[in-house]
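Undergrad: build me a model:
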Amino acid sequence: MQNIKELRDELSKNFDMLKDGTMERALVGELNNTAGKIIQTVVSELKYQNHMGIKKKIDFYESK
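TA: You can find the predicted model right below:
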């Protein structure tokens, strides 16, 4: 996964698999937890840039 759109697509797939019973709840929980941590690192980068007055593109937010 290279960007936020791909992450969102994967999370949607996980949700669908949980609903239809093809993925275990524990695995979905772990994947969602990891996704949250990835997002939190990007938020941290945004906050840092804002604090430092940096205007820089964050590749993760760019969809291809």
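Undergrad: please, where are all the helices along this protein?
TA: 4-20, 25-52 (DSSP state H).
Undergrad: now those as a markdown table including mean pLDDT, mean neighbour count and distance to Y61?
TA: Bear in mind the C-beta positions are built from the backbone N, C-alpha and C, glycine included. As requested, the helices of the chain are arranged in a markdown table below (pLDDT from 0 to 100; neighbours: other CB atoms under 10 Å; distance: least, CB to CB, whole Å):
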| stretch | mean pLDDT | mean neighbour count | distance to Y61 |
| --- | --- | --- | --- |
| helix 4-20 | 94 | 13 | 5 |
| helix 25-52 | 94 | 12 | 7 |
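Undergrad: nearest to S63, of those?
TA: Evaluated over the helices of the chain, closeness to S63 peaks at helix 4-20, with 4.1 Å, by CB to CB.
Undergrad: helices and strands around that closest one, which ones?
TA: helix 25-52 (3 or more CB pairs under 8 Å, 6 or more residues apart in numbering; DSSP states H and E).
Undergrad: what's the angle between the helix it packs on and helix 4-20?
TA: 160 degrees (axes from the mean of the first three to the mean of the last three CA atoms, to 10 degrees).
Undergrad: next one: helix 25-52 to chain centre, how far?
TA: Taking CA atoms, centre = their mean, to the nearest Å, one finds the center of helix 25-52 at 6 Å from the center of the full chain.
Undergrad: stretch 51-64 now?
TA: 15 Å.
Undergrad: outside of that stretch, which residues touch it?
TA: 2-5, 42, 45-46, 48-49 (CB atoms under 8 Å, 6 or more residues apart in numbering).
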